[in-house]
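>>> Give me a model of this one.
(4 chains)
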4 protein chains.
Amino acid sequence: MKIWFGGCAVLLAVATQVLSQRAPAAVSKDFIEELVLANHILANEDVVDGYGHVSVRSPSNPNHYFLARAGAPALVTAAAITEYDLESNPVTDTSVTGYTERFIHGEIYKARPDVMAVVHCHCPEVIPFANTSVPLQPMHHMGSFIGGGVPIFEIRNAGGETDMLIRTPVLGRALAQTLGDKSAVLMRGHGAAIVASSLHVVVARAYYLNLNARLQLQAIQLGGKVTYLDSEESKKSASDYERSWDSWKSKVTTK
Amino acid sequence: MKIWFGGCAVLLAVATQVLSQRAPAAVSKDFIEELVLANHILANEDVVDGYGHVSVRSPSNPNHYFLARAGAPALVTAAAITEYDLESNPVTDTSVTGYTERFIHGEIYKARPDVMAVVHCHCPEVIPFANTSVPLQPMHHMGSFIGGGVPIFEIRNAGGETDMLIRTPVLGRALAQTLGDKSAVLMRGHGAAIVASSLHVVVARAYYLNLNARLQLQAIQLGGKVTYLDSEESKKSASDYERSWDSWKSKVTTK
Amino acid sequence: MKIWFGGCAVLLAVATQVLSQRAPAAVSKDFIEELVLANHILANEDVVDGYGHVSVRSPSNPNHYFLARAGAPALVTAAAITEYDLESNPVTDTSVTGYTERFIHGEIYKARPDVMAVVHCHCPEVIPFANTSVPLQPMHHMGSFIGGGVPIFEIRNAGGETDMLIRTPVLGRALAQTLGDKSAVLMRGHGAAIVASSLHVVVARAYYLNLNARLQLQAIQLGGKVTYLDSEESKKSASDYERSWDSWKSKVTTK
Amino acid sequence: MKIWFGGCAVLLAVATQVLSQRAPAAVSKDFIEELVLANHILANEDVVDGYGHVSVRSPSNPNHYFLARAGAPALVTAAAITEYDLESNPVTDTSVTGYTERFIHGEIYKARPDVMAVVHCHCPEVIPFANTSVPLQPMHHMGSFIGGGVPIFEIRNAGGETDMLIRTPVLGRALAQTLGDKSAVLMRGHGAAIVASSLHVVVARAYYLNLNARLQLQAIQLGGKVTYLDSEESKKSASDYERSWDSWKSKVTTK
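The predicted structure is shown next:
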């Protein structure tokens, strides 16, 4: 029985693979432009610098995702947006030089069917928390997604002595495993990966993860007892950041 | 006797209500433009981000106030400015989607006849103080209004486990009650509400509340004894911020 | 003898006064433009906000100085530059609304013949030091003028309970006395006054006083022993900041 | 034998000197433009202010290097780029007013044949570390070059009581000696010197040295144990910063 089911699973996986690689998904120009915009916003708000990336799952094919080819987020254009399968291979143009760490995206999309968008960043306020044992906690409702917990990925456990990069599917899977069902995972000596059910929300979560880290450090420095959002408050708070998106968008488009 | 007076009070309240809702106040274009400008200044000076709002009481009808409809402060236009009664219902166009938290404004205007303008913000330097027991104190004369004390609103006392938002008149009233006769109230896990007798002063108070929080944290970090403005100094100091307004205005209008 | 000398001194003072008030000094357009530029630089580099001012002693009459009339530094124009005598009365147009605190300038020029330019600012990084007992010390050669010591002015000693402002010649004299022969004096609960032998240097000192305060706080926070410039190093270091001036100037003129 | 070899060495040195001074190296316009760009990037990213400089070794003559004449980095033009020999004398136009501290460059190029580019800066986040005993350590892979150790240069050991400047070849040599085979050296009470095998990498190292200092301070302030990149990770990590360069370049060229 076990073998039979196993065989089915393999067949299914193969079929999905074939299906998923047959043709690029037809996505609208607006869909691509939104992803370009997300890149520009993250750079303009100092969540990413020359490095870092943001992807979105294909709306028409859950086994594909879209991500710029290797390049600085601030300079990403529509022409750079590339469609990948979940093995993080480009679907059409196999000559594309992709981000070395695109496995962060592919492996998270595999492990988390609910995730529709992923950001990887070296968000500067967050790195101090990635390197210490002091846990990130939600300072205000805009950072409520932190309330579920933000685990830290120790790459030495998964890959021993490395150059810190998620260069392989194996490392990507280990990262996805540490992420678990959370909204973000910190990467020791590196940065963070943030996930959400939409592109707008993942950009906002990356922004507010970074802001929350700064606010929490300030609160700790005051020297008194810090009260964070409690578990119930975290669950009930902010799930929509549309006004922030509008505001960030206007800043990059009127430049 | 008590009943008679009570009846009078009810009649008076009803009359006021009727009067106040009969017609929108005729306010000048300049009045509206100033409120738009206040929105842009608060965004440009990083007192608000995509969220937060500023209102002003109607100059011709103390039972009405003006506030933008729901939207990012940086993008507010004259067309978005809406007139509300003190129940926070729009006076003319009832189809308006208002800020969820407009009750902050309505309930404060009800409780504080001296207040002519209100800001609600997630001012980032202030939030650490909202989440700890270390009281904000006036660092310099520009923050002298802090000298009267800045209470902290604990929403769990008024509403139990919430999404942190002032979604109802009841929560608005509880917030106004915590504010009391002060110039500002911090909101735990959320931000602050600031009041003043004019639009220019409320914008300046929101700005200097935020700046004062940063200066106070820095002073605490130095590790020595910190001397704040004393009670007399606080009462005597800065009540006018016109030069700051001029300066902030020039930054948003020459962009 | 004492009386005779005293009489001479009075006569001399009167003569000087008469001479100094006879006519406004003829200063070049460039001289005025430099002072306007100094205002704009200080605002652009966040040393002053809507408040604060910068003056320069008249090159042709040591008993006069030039200062903008009351207004935000960023908005100062050549037309606003006003000539004052050392009593801080305008020399020609007596209808001018001057800065309330112009006595900071007049009294320092009286007490310090070597001083040719004065800045008063609410420089934000400096205020925490003005309110604590931790002394400012020179972190690097650009802040070497701090090495001579930066005293703190406690206005309660001179004026009791005030609105913190230097509203009178008496308070101005007390401030000048605390300044002594130093390059700067911190004002508790208020800001600082900085002096130098030229306009360019006073602007630079105000800037680097502010920067040095930030660097010193950071060094203290590291938790180890901090080594400051020693007394000899302070005396020998930076007395020229022309390249900073060029750089700051290009930022405000190409805006 | 010793004398003979010594004589040879002297002859060789003389020959090299003659050769190296015979004619300026022919370098491309692009090469010069890149150095101008490096100046503008460092200023725009706040690694240098009005002071600080960046040089690159001549690609055609290892005994020459290129550096702007004295001036603010933000204002450097191609016409200001000057060719120097390793004694830090200008090769052609001997009337050039060079940076007082050009010996930092000349002496490092002499001591370190592997170094192709040098930055000297008063990078603000770094100075606190230059003045304390807390060692800089690599917070993330972008600062991996810090893992080899960043020594501190105490100018009093080399020159006694000075104005902190590297005014002589002797001081330059002492600095180069403290640098040793590392990527950067902090200068107590002054700033830092950073080296690399290319212009792009030296600019990035200066930027990330500054950023790393800020992140490390923040991590220390959190109060928990901080985990830095270990020795192996540091050796394996980031040696390429091209995307940062692209991003910084776009910011200064589209201004």
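
>>> Just confirm yes or no for the helix or strand residue A:170 falls within near chain D.
Using DSSP states H and E, the element containing residue A:170 is helix A:169-179. No: using Cβ under 8 Å from any Cβ of the partner chain, helix A:169-179 stays clear of chain D, with a minimum separation of 13.6 Å. In short, each C-beta sits where N, CA and C put it, glycine included.

>>> could you say what helices and strands that helix packs with?
Using 3 or more Cβ pairs under 8 Å, 6 or more residues apart in numbering or on different chains; DSSP states H and E as the contact test, the elements touching helix A:169-179 are helix A:103-111, strand A:152-153, helix A:155-159, strand A:184-187, strand A:191-196.

>>> Could you identify which of the ones you listed is most buried?
strand A:191-196 (a mean of 27; mean count of other Cβ atoms under 10 Å in any protein chain shown).

>>> what sits up against the helix holding residue A:170?
A:87-88, A:103-104, A:106-108, A:110-112, A:151-153, A:155, A:157-159, A:162, A:165-166, A:185, A:187, A:193, A:195 (Cβ atoms under 8 Å, 6 or more residues apart in numbering or on different chains).

>>> Look up how far residue A:62 lies from residue A:109.
8 Å (Cβ to Cβ, to the nearest Å).

>>> is it true that residue A:217 touches residue A:125?
Yes: with contact defined as Cβ atoms under 8 Å, residue A:217 counts as touching residue A:125 (7.4 Å).

>>> anything in contact with each of these two?
residue D:218.

>>> Would you mind listing what in chain A touches chain B?
A:138-142, A:144, A:211, A:214-216, A:218-219, A:221-230, A:232-233, A:236-238, A:241, A:243-248, A:250-251.

>>> So which of the residues you listed sit within helices?
A:211, A:214-216, A:218-219, A:221-222, A:232-233, A:236, A:243-248, A:250-251 (DSSP state H).

>>> From those residues, keep the buried residues only.
A:211, A:214-216, A:218-219, A:221-222, A:233, A:236, A:243-245, A:247-248 (16 or more other Cβ atoms under 10 Å in any protein chain shown).

>>> Could you list which of these also contact chain D?
Under the cut-off given by Cβ under 8 Å from any Cβ, chain D has residue A:221 from these close to it.

>>> Tell me the one among the buried ones among the ones in helices among the residues of chain A next to chain B nearest to chain D.
residue A:221 (6.0 Å; Cβ to the nearest Cβ).

>>> residue contacts, that closest one?
Going by Cβ under 8 Å, 6+ apart, the list of residues near residue A:221 reads B:128, B:217, B:220, B:221, D:221.

>>> try 7 Å this time
B:217, B:221, D:221 (Cβ atoms under 7 Å, 6 or more residues apart in numbering or on different chains).

>>> How about residue A:168?
Per Cβ under 7 Å, 6+ apart, neighbours of residue A:168: residue A:103.

>>> Next, it: phi, psi?
In terms of degrees, to the nearest 10, the main-chain angles of residue A:168 are phi -140, psi 160.

>>> Show me where the stretch 51-200 of chain A dips below the pLDDT cut-off.
Applying pLDDT under 70 to the stretch 51-200 of chain A flags no residue at all.

>>> which parts of it sit against chain D?
Proximity of the stretch 51-200 of chain A to chain D, by Cβ under 7 Å from any Cβ of the partner chain, involves residues A:51, A:71-72, A:74-75, A:122, A:124, A:127-128, A:131-134, A:161-164, A:188-191.

>>> What subset of these is buried?
A:51, A:71-72, A:74-75, A:122, A:124, A:127-128, A:131-132, A:134, A:162-164, A:188-191.

>>> Point out the ones among those that are inside helices.
Counted as lying in helices by DSSP H, out of those, are A:127, A:128.

>>> Touching, residue A:32 and residue A:80? I think so.
No: using Cβ atoms under 7 Å as the test, residue A:32 is too far from residue A:80 to be in contact (9.8 Å).

>>> Name the residue of the stretch 51-200 of chain A with the shortest distance to chain B.
For the stretch 51-200 of chain A, Cβ to the nearest Cβ, closest residue to chain B: residue A:141, 4.0 Å.

>>> Just to check, that residue is in contact with residue B:191?
No: the criterion here is Cβ under 7 Å, and residue A:141 misses it with residue B:191 at 9.0 Å.

>>> Among the contacts of residue A:221, which one lies nearest to residue A:181?
The closest of the contacts of residue A:221 to residue A:181 turns out to be residue D:221 (Cβ to Cβ; 30.8 Å).

>>> Noted, bye for now.
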